[in-house]
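J.: what's the 3D shape of this:
(one chain, ligands or ions: 1)
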Amino acid sequence: MTTTALEHELILARRMSRLGTETAFEVLNKARALERQGRSIIHLEIGEPDFDTPANIVDAAVDALRAGWTHYGPSAGLPELRIAIAEHVSRSRGVEVSPDEVVVVPGGKPILFFAMLALIDKGDEVIYPDPGFPIYESMVNYVGGTAVPIALREERGFAMDVDELAALITDRTRVIILNSPQNPTGGILPRADIERTAQAIGKRNLFVLSDEIYCRLQFEGEPFSIMSIPGMKERTILLDGFSKTYAMTGWRMGYGVMRADLAAHITRLMTNSNSCTASFTQIAGIEALRGDQGAVDLMRAEFERRSRTFVERLNRIRGFSALMPKGAFYVFANTMKTGWESKRLADALLEEAGVAALSGTSFGKHGQGFIRFSVANSMENLMEALDRIDAWSQKRL
Ligand SMILES: Cc1ncc(COP(=O)(O)O)c(C=O)c1O
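T.: Take a look at the predicted model:
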């Protein structure tokens, strides 16, 4: 960043003051700065698989580039990919989905952004999980909505209390965001809670944005979508994608499934912003969905193994404890017994112990007393991180 003073003051639109961010990227920058000073840092802050994209998908993209898939495509996505997604979602969620209910976008995030832009007016309420993916609250605030947190508590395995949710629904509620398996807690929403949520919604004309980006990384049982409940499909926006499932974070490809009339408006937002998702990546997306799924199973098993080993050892370190996550690749550790405020603790772990992790408060106020460790790192590095945390705890607590 330049340090010279500019002649003209930067005057931003007021809405920019309401836009949040993702602390993971800030912590990563801070960790990299320490590394440039020669410090050794173990990176447990970033939420992306450490695996390479499976070779069959990479090959499909290379072939697509050579075959000339380098031009604009339809804003809603290539018809072939929308068909593959509709088939995949119909099979996995047990509801009939047609290609005109699918919009392909660059990552899961744009579905959230576009849904908020399309549905939320000033003062409309959006209920979202806290602790939760920080972009939920950021987007709601940005578009002028009212962000209404629903607490996720460790004593419930980070499942929400559906009675509490029911009490938060008002006539201004336009969207309820559900996320399972969850970032940052690794918790899931049990099927019974999702069914009770649908009952609490009843006949109200509101949308559920169901963020299922980690659904293929659920360790036990079958993931369950609110979209599968009779009567809920036309009020559900399913957010899913390729980033986490196929280790394709940098490719930028995700999708939303929603009623066709809403899909047309989300497509209009695509035309106005990105024009389309990169064409050759979409061809590779067809291979991802239809090709061998062995790599996904291997990654899921490895995340589970790492999570279990990490939790077992962390639970023996003074001041720290954690539940075994039920999915994704995060361990959300309870650090209340350290007596340290979470942000201060995360800073100390980075600066004094050389372990980069995120304060639970980066995910909302109910994250106070927690630290998120990503296990998307090698077992060797995870063990080294635990050694460092243990040594730090013995010295500082
Ligand atoms: C809960 C949740 N939803 C959505 C996303 C966005 O994924 P993408 O990288 O595909 O935009 C993430 C990424 O961290 C996430 O954790």
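
J.: starting at the chain centroid, how far to stretch 145-158?
T.: Between the mean C-alpha point of stretch 145-158 and the mean C-alpha point of its chain there is a distance of 15 Å (C-alpha atoms, centre = their mean, to the nearest Å).

J.: can you give me the first-to-last residue distance of it?
T.: With C-alpha to C-alpha, to the nearest Å applied, stretch 145-158 spans 25 Å between its terminal residues.

J.: sticking with Ile46, tell me its helix or strand.
T.: Taking DSSP states H and E as the definition, Ile46 sits outside all helices and strands.

J.: got the residues of the stretch 101-250 of the chain near the ligand?
T.: 107-109, 133, 179, 183, 211, 213, 241, 243, 249 (C-beta under 6 Å from any ligand atom). C-beta coordinates here come from the backbone N, C-alpha and C atoms, glycine included.

J.: name the SS class of Val103, please.
T.: strand (DSSP: H, G, I helix; E, B strand; the rest coil).

J.: which residues touch it?
T.: Val103 makes contacts with 76-77, 111, 255-256, 258, 263, 266-267, 270, as judged by C-beta atoms under 8 Å, 6 or more residues apart in numbering.

J.: among these, name the ones in helices.
T.: Those of these mapping onto helices are 111, 263, 266-267, 270, per DSSP state H.

J.: out of the residues you listed, the closest to the ligand would be?
T.: Taking C-beta to the nearest ligand atom as the measure, Ile111 is the one of these closest to the ligand, at 8.3 Å.

J.: ok, and the closest non-adjacent residue to that closest one?
T.: Gly256 (3.8 Å; C-beta to C-beta, 6 or more residues apart in numbering).

J.: that neighbour contacts Thr236, correct?
T.: No - the criterion here is C-beta atoms under 8 Å, and Gly256 misses it with Thr236 at 10.1 Å.

J.: quick one: Ser275 and Pro230, what's the gap?
T.: 37 Å (C-beta to C-beta, to the nearest Å).

J.: show the pLDDT at Glu48.
T.: pLDDT for Glu48: 86.

J.: what about it, which SS state?
T.: Using three-state DSSP, the structure places Glu48 in coil.

J.: now do the same contact list for the residue of the stretch 101-250 of the chain found nearest the ligand.
T.: Across the stretch 101-250 of the chain, the shortest distance to the ligand (C-beta to the nearest ligand atom) belongs to Gly107, at 3.0 Å. Contact partners of Gly107, counting by C-beta under 8 Å, 6+ apart, are 241, 243, 252-254.

J.: again with Tyr330
T.: Contacts of Tyr330 (C-beta under 8 Å, 6+ apart): 47, 183-186, 372-375.

J.: ranking by neighbours, what's the top pick from those residues?
T.: Thr185 (32 neighbours; other C-beta atoms under 10 Å).

J.: surely it touches Arg153?
T.: No - counting by C-beta under 8 Å, Thr185 does not reach Arg153; the two are 9.6 Å apart.

J.: state the mean pLDDT of the one helix or strand Arg308 maps to.
T.: Counting by DSSP H and E, the element that carries Arg308 is helix 294-314. The average of the pLDDT scores along helix 294-314 is 98.

J.: then stretch 185-194?
T.: Stretch 185-194 shows a mean pLDDT of 97.

J.: can you offset everything so residue one is 372?
T.: Okay, using 372 as the starting number, the last item reads as stretch 556-565.

J.: and it, how far out from the chain middle?
T.: For stretch 556-565, the distance from its own C-alpha centre to the chain's C-alpha centre is 15 Å (C-alpha atoms, centre = their mean).

J.: that one spans what distance, first to last residue?
T.: 17 Å.

J.: Ser551 against Ile584, yeah?
T.: No - with contacts counted by C-beta under 8 Å, Ser551 stays clear of Ile584, the gap being 10.0 Å.

J.: who has more neighbours, those two?
T.: The residue with more neighbours, out of Ser551 and Ile584 and counting by other C-beta under 10 Å, is Ser551; that gives 29 against 24.

J.: contacting residues for the residue nearest to Pro594 when sequence neighbours are not counted?
T.: Of all residues not flanking Pro594 in the chain, Cys586 sits nearest, at 4.2 Å (C-beta to C-beta, 6+ apart). Shown in contact with Cys586 (C-beta under 8 Å, 6+ apart): 463, 551-552, 594, 596, 611, 698.
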